[in-house]
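Undergrad: Need coordinates for the below:
(2 chains)
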Amino acid sequence: MAYKKLLIISQRRAFRRLLANNRDRLYRMAFAWTGNPQLADDLVQQTLLKALDNQKQLRDFSAAEGWLFRILANCLTDYRRAKREFLSGDNLELVDKATPENRFKEEQLVQKVRNAVQALPINHRQVVTLVDLEEFSYASVAQILDIPVGTVMSRLCRGRRALRERLLEIKPHESFSPAVKIKRVK
Amino acid sequence: MNKDEKVSEEQLNAFIDGELEPEEVSNVYDEAEQSAELDQRLCKQRKLKELVKLAYRDVPEPKRRSHVRRMPSSVLGLAMVASVLLVLGASIGLFLHDFLQQKSPTAGYYTAGNPQTVGTMENYILHVASGDPEHIKRALQTAQDLLSSAEPGAPRRVEIVANEQGLNLLRSDITQFKNEIRYLANENVVFYACSKSIQRLEEKGVVVKLVPEAIPGYTALDRVVLRMKDGWEYIKI
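TA: Next comes the predicted model:
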C-alpha cells in the first residue's frame, strides 16, 4: 500500500512539475500563434487550468508535452470560434516598428520574421512554429492539431514557402548580426 | 516539384526537420553535392528555420505578469534542485513512515467530497470557479475540514482562490457567506480574488466590491501555479 501511495504522490508531483516546466514554452508558442502577449497569456492560463481539471486523462507521461500543446491548440480554436476572429495576416496589423539608428540589427530582423510569421494563415503558422520552435515531429504535430501527417507536410511547405518569399527580400547586410550568422550547409 | 528538381520541397523540409530515413538523408546529401542549386535551397531552408527560432527566442512578457515575482533562471535552477531533494527526502520519509508504522493508507489523495481522506502533511489551495452557492458552500466546508484535520502542532495552510463566477464568493454586494469568510479568515484561511476576472467584469461596466478579507492582485492561475511550485495541493471545487 505504501508503494501505491508513493506512486500517487510522485505522479501528482510530476504533473505539477510538468505544468511549471512547460508554462514558458506554451506561452512562447501562444505568442507565436497570436502575436499578442495578453492573449497568449490568457490562452496559456486556460490551457493550464484545463490540464489541471483533466489531469486524470493523461495516462502516458511521455506524451504529456504533446497533450499540453494540443490543449493549447484547442483553446485557440475555441477563442477564434467565440470571437470569430481568424488571426490571419489579413486582419492583423503588421507592425514594422520604426527603427532608430541605434537600434540593434537583430531586433529589426526579429520583428521582420515575426511579421512574416504573423502574416501566415493560422493553420500554416501553427505547423511552422510547432516544428521549428518546439522541434515536434510531423507525427506529433498531426496529433496536436488533429490533422493527417500529409496535411502537416503540405501546410509546412506552403508556410515556409511564404516565409521564404517574404524574408528573402531582407538584404544580406540587414539579415544577420555577426553573432547569429550561420555557416553554409553542405 | 519542378521537373528539374530531383528533391521535392517536402523532402527538403523533411530533411532539415530530421524526418527522413538514413538512406533518404544520404540520397539528399549525394544530390546536394552534385547540384549547387539544391545545396542553395537546402541552405535557405535551414536559414529560414533558424530565423524562426531566433524570432521567438525571447518573447515579450504580458504586462499583467509584471506583478508576479519571477525568479531568474539560475535561482530557478537551484530551486529545482532543492525541490528534487525535498521531494526525494519527503518520499523516503513517507515511505519509512508507512513502512515502519503501517498507519492508515487513507491519507494522501484528496477529493472534495471525501474530507476524511485529507492528507496530513500538506497545504492546500482551493479553486472556486462556479457561482453556484452549493459549490461555494462546499469550498468553505472543505477549507474548514482541511483545517480541522491537521495534526496538532502542524498547522495547515489553506488558501481559496476565486475566479470567473466563483468571484461571487468574495463580492461584498453578492456573497451570502460573509460570516463564514470572516470566520475562516480568522482561522488563517487566505482568500484571493482573481485579478483577471475582476478586470473582465470591470470591462463590462460592473463595479466590483470585494469583502475586506479578499486579496486582489493575482490571477487565479498565477496563484495556483505559485502554490503548486511551493508543493501545495491543488483542489478544484
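Undergrad: What is the least confident helix or strand in the chain?
TA: Assuming you mean chain A. Ranked by mean pLDDT, DSSP states H and E, the weakest helix or strand in chain A is helix A:172-175, scoring a mean of 45.
Undergrad: To clarify, I was referring to chain B.
TA: helix B:73-101 (a mean of 46).
Undergrad: Quick check: what element follows it along the chain?
TA: For helix B:73-101, the succeeding helix or strand toward the C-terminus, using DSSP states H and E, is strand B:124-128.
Undergrad: packing partners for that following strand?
TA: helix B:133-148, strand B:158-162, helix B:220-229, strand B:233-236 (3 or more CB pairs under 8 Å, 6 or more residues apart in numbering or on different chains; DSSP states H and E). Where you see a C-beta, it was placed from the backbone N, CA and C, and this is true even at glycine.
Undergrad: List just the one of these that sits closest to residue B:38.
TA: helix B:220-229 (47.7 Å; CB to CB).
Undergrad: Identify the residues contacting that closest one?
TA: Helix B:220-229 has contacts (CB atoms under 8 Å, 6 or more residues apart in numbering or on different chains) with A:16, A:19-20, A:23, A:45, A:48-49, A:52, B:65, B:68, B:83, B:123, B:125, B:127, B:129, B:159, B:161-163, B:192, B:194, B:196-197, B:218, B:234.
Undergrad: ok, now stretch A:42-52?
TA: By CB under 8 Å, 6+ apart, the list of residues contacting stretch A:42-52 reads A:19, A:23, A:26-27, A:30, A:34, A:58, A:67-68, A:71-72, A:75-76, A:79, B:196, B:219-221, B:224-225, B:234, B:236.
Undergrad: Might you report the residue contacts of the residue positioned nearest the centre of chain A?
TA: By CA atoms, centre = their mean, chain A has its centre lying nearest to residue A:29, at 2.5 Å. With contact taken as CB under 8 Å, 6+ apart, residue A:29 is in contact with A:69, A:72, A:129-130, A:133-134.
Undergrad: Report the entries of these that also contact chain B.
TA: A:129, A:133 (CB under 8 Å from any CB of the partner chain).
Undergrad: Who wins on neighbours among the contacts of residue A:29?
TA: residue A:72 (27 neighbours; other CB atoms under 10 Å in any protein chain shown).
Undergrad: so what's residue A:65 up against?
TA: Contacts of residue A:65 (CB under 8 Å, 6+ apart): A:18, A:22, A:25.
Undergrad: Nearest residue to the first one in space, please, no chain neighbours.
TA: Spatial nearest neighbour of residue A:18, chain neighbours left out: residue A:64 (5.3 Å); criterion: CB to CB, 6 or more residues apart in numbering or on different chains.
Undergrad: Torsion angles phi and psi at the one you found?
TA: With angles defined as degrees, to the nearest 10, residue A:64 sits at phi -60, psi -40.
Undergrad: Surely it and residue A:58 touch.
TA: Yes. Applying CB atoms under 8 Å, one finds residue A:64 in contact with residue A:58, separated by 5.9 Å.
Undergrad: Tell me how many other residues surround residue 156.
TA: Since no chain was named, I'll use chain A. Neighbour count for residue A:156, taken as other CB under 10 Å: 24.
Undergrad: Not quite, go with chain B.
TA: There are 20 residues near residue B:156, going by other CB under 10 Å.
Undergrad: Same question for residue A:141.
TA: 27.
Undergrad: Pull out the buried positions in the helix or strand harbouring it.
TA: Residue A:141 is part of helix A:138-145 when elements are defined by DSSP H and E. Across helix A:138-145, burial judged by 16 or more other CB atoms under 10 Å in any protein chain shown covers A:138, A:140-145.
Undergrad: go on, stretch A:146-153?
TA: A:147, A:152-153.
Undergrad: do stretch B:222-231 as well
TA: For stretch B:222-231, a neighbour-count test (16+ other CB under 10 Å) marks B:222-229 as buried.
Undergrad: starting at the chain centroid, how far to that stretch?
TA: Relative to its parent chain, stretch B:222-231 has a centroid offset of 7 Å by CA atoms, centre = their mean, to the nearest Å.
Undergrad: Equivalent analysis for stretch A:51-66, please.
TA: Using CA atoms, centre = their mean, the offset of stretch A:51-66 from its chain centre is 19 Å.
Undergrad: quick one: buried residues of it?
TA: For stretch A:51-66, using 16+ other CB under 10 Å, the buried residues are A:51-52, A:55, A:64-66.
Undergrad: for residue A:147, phi and psi?
TA: Dihedral angles for residue A:147 - degrees, to the nearest 10 - are phi -140, psi 160.
Undergrad: per-residue pLDDT, it?
TA: On the pLDDT scale, residue A:147 is placed at 95.
Undergrad: try the one 10 residues further on
TA: Predicted confidence (pLDDT) at residue A:157: the value is 95.
Undergrad: what's the helix or strand hosting it in contact with?
TA: For residue A:157, the enclosing helix or strand under DSSP H and E is helix A:149-167. If you take CB under 8 Å, 6+ apart as the criterion, helix A:149-167 is touched by A:112-113, A:116-117, A:119-120, A:123-125, A:127-128, A:131, A:138-139, A:141-142, A:145, A:147, B:9-10, B:13-14, B:17, B:44-45, B:48, B:51-52.
Undergrad: Between helix B:220-229 and the top helix by length along chain A, find me the angle.
TA: When chain A is parsed with DSSP state H, its longest helix is helix A:2-34. If you take axes from the mean of the first three to the mean of the last three CA atoms, to 10 degrees, helix A:2-34 sits at 140 degrees to helix B:220-229.
Undergrad: Now do the buried residues in helix A:2-34.
TA: So helix A:2-34, judged by 16+ other CB under 10 Å, has buried residues A:2, A:5-6, A:9, A:12-13, A:15-20, A:22-23, A:25-34.
Undergrad: Also stretch B:122-132?
TA: Those would be B:122-131, for stretch B:122-132 by 16+ other CB under 10 Å.
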